[in-house]
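Chemist: what's the 3D shape of this:
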Amino acid sequence: KKKKIRSIAPSFKPLLQAEEDVSQFHSKFTHQTPVDSPDDSTLSESANQVFRGFTYIFKKINQWCK
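Modeler: This next block holds a predicted model:
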């Protein structure tokens, strides 16, 4: 027996003014200076084993280095 797929429209669609709408967040958070996550580039030996033999070259790196 074939099942029918039906689409149901949502009962409510919020009106978003902009992607930068932070009205639902406390100003304590929205006025903070952003901080990058720390770079933990040292991997354990077992983590390095997962990538053994794998190479990757970002093809647009030449554009970034100019």
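Chemist: where do the helices of the protein begin and end?
Modeler: 27-30, 45-50, 61-65 (DSSP state H).
Chemist: okay, now the unreliable bits of the protein?
Modeler: 16-19, 38-40, 58-66 (pLDDT under 70).
Chemist: residue ranges of the strands in it, please?
Modeler: Counting by DSSP state E, one finds no strands in the chain.
Chemist: burial count for residue 20?
Modeler: Residue 20 is flanked by 7 other residues according to other CB atoms under 10 Å. For glycine as for every other residue, the C-beta is placed from the backbone atoms N, C-alpha and C.
Chemist: quick check: it vs residue 34, distance?
Modeler: 13 Å (CB to CB, to the nearest Å).
Chemist: cool, and residue 21?
Modeler: Noted for residue 21: a distance of 17 Å to residue 34, by CB to CB.
Chemist: the two: who's more crowded?
Modeler: Under the criterion of other CB under 10 Å, the comparison of residue 21 against residue 34 puts residue 21 first, with 11 against 4.
Chemist: got a list of what that one touches?
Modeler: Applying CB atoms under 8 Å, 6 or more residues apart in numbering, we find residue 21 in contact with no residue.
Chemist: repeat that for the one 10 residues further on.
Modeler: Neighbouring residues of residue 31 by CB under 8 Å, 6+ apart: there are none.
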